[in-house]
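Trainee: Fold the following, please.
(chains A and B)
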Amino acid sequence: MKPETDARDSQPDGYPDWYYELLARTMGEAKAEWARLPRREREAELTLLHRSFDTPDDLSVWPAELDGGADRP
Amino acid sequence: MQTPLEFLAVFRHELRAAGIPFAITSGMACIRYGLQQTTKDSDWIIAAAELLKLRGLFERCERRLPPWVVQYRPIFGAPFEAAWLDGGWSSHIFIRTMGGGPDHHLDFFCHPPRTAAWRHDPEEPDFADRDTVTRMKKTDRDKDWPIVGGLAAQAFARGDQSAVLHLRDASTLRRAWSMTPAAVRPRAITARPLLESIDAGSEDLRLEFLLRAERLVWEAVNRHRYAVYQDAWKAWYRRWQAAADWPWPVSEPFVAQHERIVAAAHDHELPMKPLTDRVRKDVYAKGLADAAILANIEPERLQAIAPPIEEVLP
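Mentor: As a prediction, the model looks like this:
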């Protein structure tokens, strides 16, 4: 299957600075910097992470409505 | 190895080709919208009327070469049937598209929690819109709340007036509220009574306190809500496994698994809609009582800023 192309994928989302500053305050500098990237680069970074590391998942054995979630052990 | 984002693209394509309308929500939608999540699983909203078609797609995927493995997960929520999914349950499966894995986890909803009516994003129709995702993220997990604030901030930056229903940052909320037309305000206050305290001249610290108390309401109500489903599922599972002469999980074609689970759900009475109207009101009242204790605020004062039951448990 060919990847879908969208002109927006190669451009930053272009939110105002206050938005990225808010992200830095609430989610951390690294995630705010990631958010400034064009979507294609963001997703490429995540794909590299997924390929390289066994990153944690949202789900525990129990699904959400049954007490699931890594933050709700 | 097929990564979660690659699988997402493949499964979107399969659903479109099968003519099944869908919306991707939760973590994968956040990634699409530029809010980083470490999630690998995907959450999908599908209309109950499409479930039969979706089960047919699973069967076809199992028969192709190379075959996919499609299986209910050991703890699977409820069967892929409208009777349960219309009652607020979700269904949980994994799909393996190639030998050696990985197993991709998928959760399906017909009525996502905390959303009265979900919508597709107008610019990204394969995804639920920001309002829908924001409502789903008002859980009792700490990590979800920066996402709520981030999505609401995006909505505000994009000129969406509904942002005032979800913004978490006091100064941004104050700015958004000052730009909200008078004609829109009464309905916004009904949905989010805390907004009235801005009109009443609350200082930033006071507003911050109220925002935290409001979040405690969402969290406490959600804890009681999922306990209803959790208790129902565990009780049913014990009844089922005590009577069954075969162990769950079984590895067999999806359709066979589905038939077993539907029969067990009927025979051992997995409640189709555990959140009855009486239970719903009880859950809301318990959540408010818990939040008042946690926020150290009198219940009457909390009531004045608490989101109404129609918002928290629509």
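
Trainee: right, is the host helix or strand of A:Ala35 up against chain B?
Mentor: Using DSSP states H and E, A:Ala35 falls within helix A:29-36. Yes: for helix A:29-36 and chain B, the contact criterion (C-beta under 8 Å from any C-beta of the partner chain) is met by A:31, A:34-35. Just so you know, the C-beta spots here come from the backbone N, C-alpha and C atoms, and that holds for glycine as well.

Trainee: Let me know the next secondary structure element after that helix.
Mentor: With DSSP H and E, the next secondary element past helix A:29-36 is helix A:39-52.

Trainee: before we move on, back to that, closest to B:Leu205 out of the residues of helix A:29-36 next to chain B?
Mentor: For these, the residue nearest B:Leu205 by C-beta to C-beta is A:Lys31; the value is 26.5 Å.

Trainee: can you list the residues of helix A:29-36 next to chain B in a markdown table and add neighbour count and pLDDT?
Mentor: Output for those, formatted as a markdown table (neighbours: other C-beta atoms under 10 Å in any protein chain shown; pLDDT from 0 to 100):
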| residue | neighbour count | pLDDT |
| --- | --- | --- |
| A:Lys31 | 18 | 93 |
| A:Trp34 | 18 | 95 |
| A:Ala35 | 22 | 97 |
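
Trainee: by contact count, what packs against the helix holding A:Ala35?
Mentor: Counting by 3 or more C-beta pairs under 8 Å, 6 or more residues apart in numbering or on different chains; DSSP states H and E, the packing neighbours recorded for helix A:29-36 are helix A:17-27, helix A:39-52.

Trainee: could I get the ones you listed as a markdown table with distance to chain B and mean pLDDT?
Mentor: Output for the helices and strands packed on helix A:29-36, formatted as a markdown table (distance: least, C-beta to the nearest C-beta, whole Å; pLDDT from 0 to 100):
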| stretch | distance to chain B | mean pLDDT |
| --- | --- | --- |
| helix A:17-27 | 4 | 97 |
| helix A:39-52 | 4 | 88 |
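
Trainee: and those, which is most packed in?
Mentor: Most buried of those by mean neighbour count (mean count of other C-beta atoms under 10 Å in any protein chain shown) is helix A:17-27; its value is a mean of 17.

Trainee: need the contact list for residue 19.
Mentor: With no chain named, the answer covers chain A. Neighbouring residues of A:Tyr19 by C-beta atoms under 8 Å, 6 or more residues apart in numbering or on different chains: B:153-154, B:157.

Trainee: That was the other one, I meant chain B.
Mentor: B:Gly19 makes contact with B:Lys53, according to C-beta under 8 Å, 6+ apart.

Trainee: so is it in a helix, a strand, or just coil?
Mentor: The three-state label given to B:Gly19 by DSSP: H, G, I helix; E, B strand; the rest coil is coil.

Trainee: How about the one 5 residues further on?
Mentor: Secondary structure for B:Ile24, judged by three-state DSSP, is strand.

Trainee: Can you report how many residues lie near it?
Mentor: 24 (other C-beta atoms under 10 Å in any protein chain shown).

Trainee: Ok, B:Ala235 next?
Mentor: Neighbours of B:Ala235 under the rule other C-beta under 10 Å: 14.

Trainee: Mind pulling the model confidence for it?
Mentor: Here, the pLDDT recorded for B:Ala235 equals 95.

Trainee: That one and chain A: what is the separation?
Mentor: Per C-beta to the nearest C-beta, to the nearest Å, B:Ala235 is found 12 Å from chain A.

Trainee: Next: B:Gln154.
Mentor: Distance from B:Gln154 to chain A, by C-beta to the nearest C-beta: 7 Å.

Trainee: cool, B:Arg64 as well?
Mentor: 14 Å.

Trainee: Check the burial of that residue by counting its neighbours.
Mentor: Other residues within reach of B:Arg64, judged by other C-beta under 10 Å, total 9.

Trainee: do the same with B:Gly100
Mentor: B:Gly100 is flanked by 6 other residues according to other C-beta under 10 Å.

Trainee: cool, B:Ser178 as well?
Mentor: B:Ser178 has 8 neighbours, counted by other C-beta under 10 Å.

Trainee: Next one: B:Glu219 from B:Ile189, what distance?
Mentor: Distance of B:Glu219 to B:Ile189, computed by C-beta to C-beta, to the nearest Å: 22 Å.

Trainee: which residues in the stretch 1-150 of chain B form strands?
Mentor: For the stretch 1-150 of chain B, applying DSSP state E, counting those that start in this stretch gives strands covering B:23-25, B:42-45, B:69-77, B:90-96, B:104-109.

Trainee: Let me see the confidence value for the nearest residue to B:Leu15 once chain neighbours are set aside.
Mentor: Of all residues beyond its chain neighbours, the one nearest B:Leu15 is B:Phe22 (5.0 Å), with distances taken as C-beta to C-beta, 6 or more residues apart in numbering or on different chains. Reading off the confidence values, B:Phe22 has pLDDT 98.
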